[in-house]
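> Requesting a structural model of the entry that follows:
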Amino acid sequence: MPVIFRVNMNDLTVRSEQADQTYRGLGGRSLTSAIIAREVPPTCHPLSVENRLVLAPGILTGTGAPCSGRLSAGAKSPLTRTIKEANSGGMAAIHLSTCGVQAIVIEGQPEPGMHYRLLVTAEGVTIQPVEDLAGLGNYDTVARQHQQFGESVSCISIGQAGEMRLPAASIAVTDIEGRPTRHCGRGGLGAVMGAKGIKVIVVDPAGGKRPRPADNQTFKQGVERFNAALMGHPLSGEALPKFGTNALANVLNAAGGYPTRNFREGTFERVEPISGEHQHDVIVERGGKIAHACHRGCTIRCSRIYVDENGQFVTKGPEYETIWSHGANCGIDDLDAIARMDRMDDDLGLDTIETGATIAVAMEAGVIPFGDAEGAIGLLEEVRRGTPMGRLIGSGAEILGKAFGQVRVPVVKGQAIPAYDPRAVQGIGVTYATSTQGADHTAGYAVAQNVLGVGGKVDPLDPQGQAELSRNLQIATTAIDATGMCLFIAFAVLDDPNTMQGICEMLSGYLGRPMDAEEFLSLGRKTLACERAFNRAAGFGAVDDRLPGFFQTEKLSPHNVTFQVTDQQLDSVLADLD
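Purely as a prediction, here's the structure:
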């Protein structure tokens with residue numbers, strides 16, 4: 001039976017326990033949020049001894065269920081000061097499940113200036129000092145772990161940003177090739193890991209056992225049904241493997257919802273050089289790789305391996321959000337420069353969305369001009385050096401905007417808005433405003449119906465129907481986050497009833513009891529309810545579920561529209577969960 005390990009950094013001890021009734025049967029976001037809501041004082045400082053960092057595989061992670069290898073990290077966020085869950089692909093979640101781990105809960109804090117490694121094996125968890133790793137980026141940190149423990153281990157680590165406890169710091173997770181390219185990016189949870197004194201977690205699956213379904217026949221039936229639906233959908237079966245997530249660049253640009261130069265325009269006149277189609281051609285011509293899986297068992301394979309003109313590895317992807325945030329949002333059209341920045345973000349341990357948005361606000365403030373790729377790279381070098389400007393870049397768009405007296409700062413609850421302008425895609429604006437975790441497109445991906453026509457069509461410029469759309473998507477997404485599955489399965493879920501049936505059969509087979517769609521969605525509702533209760537106790541209310549004012553007053557070209565969903569509609573989205 002999976003075990004919860006509690007790592008106490010006050011006295012450097014580890015104890016194991018079986019989940020009590022509150023946590024039994026939970027995984028991923030449902031477990032991280034349950035632990036944080038129950039055990040962390042809502043008003044505590046996120047970097048204090050009172051906060052906890054929880055790492056949890058999903059319910060189906062490690063079972064062989066397709067696309068179920070995501071790792072959830074949870075804490076009170078130093079960026080949003082709300083409850084937070086950020087998840088990532090990579091191999092660590094599968095390895096944790098193989099080692100019999102339901103969750104690792106990191107509590108307390110060590111003496112200042114100390115750095116530690118957690119070694120996770122099938123025998124348990126041990127704490128080891130690693131002062132030689134202090135100040136290293138994620139790539140060097142991981143390389144040293146592979147030298148010591150072999151290539152078969154996975155790593156969860158922080159770079160310099162996490163050590164400096166910067167609010168935009170991410171937690172890196174190694175991919176199939178052992179590179180720290182997958183990140184629990186949003187919300188600054190790398191800073192919480194740094195505050196706990198943990199530099200790296202090494203997970204060695206040797207001697208472990210894969211979780212076994214209680215009813216293997218029902219589970220296998222669900223796997224076959226689910227995977228057939230994924231592979232039969234035009235997005236998860238064709239577009240994403242071929243063009244990756246950046247297939248969206250031309251689509252959103254054509255829809256007038258591609259935020260450009262700090263959300264001043266809805267189209268980027270130089271989108272083609274940074275589009276998914278051009279990215280695909282560059283990767284193929286240089287001998288990189290398309291249709292790359294970020295973890296074993298991913299059948300969608302939306303990741304890429306980006307190489308330079310000499311065929312040398314630079315970075316993964318880069319993904320749509322990263323190319324947008326460092327590209328169009330900054331007025332930059334140089335794909336190679338964006339790939340360099342993505343590599344730097346991963347090494348420093350920075351959320352690429354927050355970092356690109358912060359650089360754009362710095363450009364708005366006149367620190368460097370829009371379009372200055374070398375200047376943007378220079379700002380990331382400032383982070384590495386720990387200069388005052390670098391610390392501002394690593395602290396996120398809201399803090400930098402305040403430091404430079406800027407009004408046009410696109411954030412909600414302190415977190416930067418991602419790559420879809422809410423004026424042209426009104427449904428995603430509702431999600432940005434009302435999510436329990438700050439502006440986050442993955443919390444309820446209304447772009448599916450607003451722009452892509454997946455699961456029906458809701459006019460992206462009409463405020464009517466957007467609140468209900470976002471609500472339903474937020475509930476379903478939260479349930480998916482509990483399973484450890486990738487968000488991109490939602491495209492097939494929305495269009496093909498076999499997908500949901502397959503999920504329920506996999507869960508039923510694994511748990512050994514029937515689970516239908518209603519019970520699955522109730523898991524999402526319960527998790528959102530506990531997150532909202534935490535945030536209310538932390539001081540958040542309806543006034544915080546709003547977009548920045550300029551989205552209501554500045555018309556966005558080319559449609560010349562503002563965000564028109566009313567406050568009353570926003571307040572109705574998740575009100576029944578209180």
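
> looking at this structure, which residue ends up farthest from its center?
Of all residues in the chain, residue 217 sits farthest from the chain's C-alpha centroid, using CA atoms, centre = their mean; the distance is 32.9 Å.

> What distance do you get for the closest residue in space to residue 450 that isn't next to it in sequence to residue 511?
Nearest non-adjacent residue to residue 450, counting by CB to CB, 6 or more residues apart in numbering: residue 460, 3.8 Å away. Using the backbone N, CA and C atoms, a C-beta is placed for each residue, glycine as well. Using CB to CB, to the nearest Å, one obtains 38 Å as the distance from residue 460 to residue 511.

> Checking my notes, the residue nearest to residue 450 in a strand, right?
No. Per DSSP: H, G, I helix; E, B strand; the rest coil, residue 460 lies outside any strand segment and is coil.

> Tell me the confidence at it?
For residue 460, the model assigns a pLDDT of 98.

> Count the neighbours of it for me.
26 (other CB atoms under 10 Å).

> Surely the residue farthest from the centre of the chain and residue 509 touch.
Yes. Proximity of residue 217 to residue 509 meets the contact threshold set by CB atoms under 8 Å, at 7.2 Å.

> Now do the domain split for this structure, please.
3-203, 258-421 (automatic domain parsing).

> Indicate which one of those is closest to residue 455.
Nearest to residue 455, of all the domains of the chain, is domain 258-421, at 16.4 Å by CB to CB.

> Distance from that closest one to the middle of the chain?
A distance of 15 Å separates the C-alpha centroid of domain 258-421 from that of its chain, computed with CA atoms, centre = their mean, to the nearest Å.

> show me the contacts for the closest residue to residue 284 other than its chain neighbours.
The spatially closest residue to residue 284, leaving aside those adjacent along the chain, is residue 290, at 6.7 Å (CB to CB, 6+ apart). Taking CB atoms under 8 Å, 6 or more residues apart in numbering as the definition of contact, the neighbours of residue 290 are 241-244, 280, 283-284, 304.

> between the residues you listed, which is nearest residue 111?
Residue 111 lies nearest to residue 304 out of the contacts of residue 290, by CB to CB, at 42.2 Å.

> In terms of secondary structure, what does whichever strand or helix holds the closest one contact?
With secondary structure defined by DSSP states H and E, residue 304 is part of strand 303-307. Taking 3 or more CB pairs under 8 Å, 6 or more residues apart in numbering; DSSP states H and E as contact, the helices and strands that strand 303-307 lies on are helix 276-286, strand 289-292, strand 313-316.

> what comes into contact with the longest one?
Pointing back at helix 276-286 there. In this structure, residues lying in contact with helix 276-286 by CB under 8 Å, 6+ apart are 242-250, 272, 288-290, 304-309, 311, 318, 320, 323, 335.

> Tell me where the longest helix sits in the protein.
helix 517-537 (DSSP state H).

> What helices and strands are in contact with it?
With contacts defined as 3+ CB pairs under 8 Å, 6+ apart, the packing partners of helix 517-537 are helix 28-39, strand 83-88, helix 466-483, helix 497-511.

> and among those, the most buried is which?
With neighbours taken as mean count of other CB atoms under 10 Å, the helices and strands packed on helix 517-537 reach their highest mean count in strand 83-88, at a mean of 28.

> Point out where the stretch 351-500 of the chain drops to low pLDDT.
For the stretch 351-500 of the chain, not a single residue meets the criterion pLDDT under 70.

> Tell me which residues touch residue 551, please.
Remark: with contacts taken as CB under 8 Å, 6+ apart, residue 551 is in contact with 263, 410, 422-423, 429, 562-563.

> and of the domains of the chain, who's closest to residue 433?
The closest of these to residue 433 is domain 258-421. By CB to CB, the value is 5.9 Å.

> Could you work out the end-to-end span of the closest one for me?
Using CA to CA, to the nearest Å, the end-to-end distance of domain 258-421 comes out at 6 Å.

> can you check stretch 294-302 too?
End-to-end span of stretch 294-302 (CA to CA): 8 Å.

> Then stretch 36-53?
8 Å.

> And the strands in the stretch 1-150 of the chain?
For the stretch 1-150 of the chain, applying DSSP state E, counting those that start in this stretch gives strands covering 3-8, 13-17, 53-57, 71-76, 83-88, 101-107, 116-121, 124-129.
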